[in-house]
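**Q** With the sequence up front, the predicted model follows.
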Amino acid sequence: MRMRAAVLEEFGQPLVVQELDLEEPKQGEVLVRLVACGVCHTDMYTASGVDPSGYAPAVLGHEGAGVVEAIGEGVDSLQVGDHVVTLFSPQCRECVHCESPKTNICLAIRDQQGRGYLPDQTTRLSRNGEPIRHFMGTSTFAEYTVMPQIALAKVSPEAPLDRACLFACGLATGLGAAMYTAKVEEGSTVVVFGAGMVGLGAVAGARLQGAERIVCVDLSQERLEMARHHGATDVMLAGAGGDGVVEAILEMTGGFGADYTIEATGLVDVMRQAVESARMGWGLATMCGVAGKGETVEIVPRLLITGRRVAGSSFGGVKGRDQVPQLVQRYLDGEIDVDGFISHRITLDEVNKGFDLMHAQDGIRSVIDFG
Ligand SMILES: NC(=O)c1ccc[n+]([C@@H]2O[C@H](COP(=O)([O-])OP(=O)(O)OC[C@H]3O[C@@H](n4cnc5c(N)ncnc54)[C@H](O)[C@@H]3O)[C@@H](O)[C@H]2O)c1
Ligand SMILES: [Zn+2]
Ligand SMILES: [Zn+2]
């Protein structure tokens, strides 16, 4: 079939929206008609050329939601008409990682996905016979996509897909960091660094877990107001250098530090602050941010010996096919205000405007509406 998609032709250049060919779904694959797709930092990062693992030409986009249009042979977990959220982090339910409750990092298709191919090492996307690679196994800046069934979460048909799409990356990453990676306990104190999509999700996740005190730190007063709306009990306006933030958190916590800290900025200096403001004895610092290539975090070992721990969180530790539907249900039950995250609605042709808005930190999320 023919369909329109936003192609990364050359790093550092705007995406080019154009018609491409999309092959039918093969063994274990599903054809999805996209209804909505959020614009996330990782798309912009790859488009910029800074990501060393990036490749072109490719169709970007990974925060998608849509409707199943066709299924390939052997697909048993989805049917035509099902509503789905795309998963850049799949869940095969069979590999040693999927069988462990300790991680959400599925091993089934990692290599192929990382190189831009579907599990059988080929692409379904092409232009005049020339293969175009898939991005993050999702390629959702497009009217349609073909993906393996293990990378699609079936969600309630009651959830509007233009909200559900945020659970494909940013929102689920933040919620999950608090709920599944840190496993925040009732009555605890949590500090979230960063009040973007991921940080605000973490604030909401900490609230859902029953945290008593949730402190959010950001550079923007406006974003801190949003953090309050999503459940922060305290907010702290930081300077870009973060001077005095750790001291202020220690002071707020009787000199000990917080039970849980969650980093959602991508800045290694802030990651260090997250470790330093975690509680002696058991404080857990969870890192969500993607730092630049070659950057490292400085940690004084004494902080670790005295009981602080550090965790990393990919996609919030969310096991996508099992837990994305549960998170979407909590939204439907009125526990998460998703509408408030959507600041701009754009068309596929305006995808580069989505990057501009993100670059200017104008709003939390732009969502492409495929109409
Ligand atoms: N682990 C994952 O699977 C995953 C998934 C999605 C995004 N991410 C990463 O998470 C990070 C956050 O993503 P986002 O979409 O929320 O980004 P964002 O840019 O919207 O938010 C980052 C926030 O950090 C704030 N900030 C900057 N410097 C700060 C400082 N010194 N102290 C406190 N706050 C500061 C900014 O004001 C901004 O509000 C990024 O690095 C992104 O790449 C990771
Ligand atoms: Zn993302
Ligand atoms: Zn697996």
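**A** Cool, got the structure. Ligands and ions are numbered 1, 2, ... in the order given.

**Q** residue ranges for the strands of the stretch 251-371 of the chain, please.
**A** 260-263, 284-287, 309-312, 342-346, 365-369 (DSSP state E, counting those that start in this stretch).

**Q** Give me whichever of those is most buried.
**A** Sort the strands of the stretch 251-371 of the chain by mean neighbour count, taking mean count of other CB atoms under 10 Å, and strand 260-263 sits at the top with a mean of 32. In short, each C-beta sits where N, CA and C put it, glycine included.

**Q** that older thread, adding mean pLDDT and distance to ligand 3, write the strands of the stretch 251-371 of the chain out as TSV.
**A** Converted to TSV, these look like this (pLDDT from 0 to 100; distance: least, CB to the ion, whole Å):
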stretch	mean pLDDT	distance to ligand 3
strand 260-263	98	25
strand 284-287	98	22
strand 309-312	98	18
strand 342-346	96	31
strand 365-369	97	28
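
**Q** now the ones you listed as JSON lines including distance to ligand 1?
**A** Converted to JSON lines, those look like this (distance: least, CB to the nearest ligand atom, whole Å):
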{"stretch": "strand 260-263", "distance to ligand 1": "8"}
{"stretch": "strand 284-287", "distance to ligand 1": "8"}
{"stretch": "strand 309-312", "distance to ligand 1": "8"}
{"stretch": "strand 342-346", "distance to ligand 1": "11"}
{"stretch": "strand 365-369", "distance to ligand 1": "8"}
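
**Q** G210: what's it in contact with?
**A** By CB atoms under 8 Å, 6 or more residues apart in numbering, the residues touching G210 are 184-187.

**Q** ok so, going back, between the strands of the stretch 251-371 of the chain, which gets nearest to ligand 2?
**A** Among the strands of the stretch 251-371 of the chain, strand 365-369 comes nearest to ligand 2, with 10.4 Å by CB to the ion.

**Q** Show residues contacting that closest one.
**A** By CB under 8 Å, 6+ apart, the list of residues contacting strand 365-369 reads 35-39, 61, 141, 162, 165-166, 170, 197, 341-348, 350-351, 353-354, 357-358.

**Q** Just the buried ones from the residues you listed?
**A** By neighbour count, with 16 or more other CB atoms under 10 Å, those hold 35-39, 61, 141, 162, 165-166, 170, 197, 341-342, 344, 346, 348, 350-351, 354, 357-358 as buried.

**Q** Run through the helices of the stretch 201-350 of the chain in chain order.
**A** Using DSSP state H, counting those that start in this stretch, the helices of the stretch 201-350 of the chain run over residues 221-230, 245-252, 268-276, 301-305, 320-332.

**Q** does any part of the third one sit near ligand 1?
**A** In other words, helix 268-276. Yes: residues of helix 268-276 contacting ligand 1 under CB under 6 Å from any ligand atom: V270.
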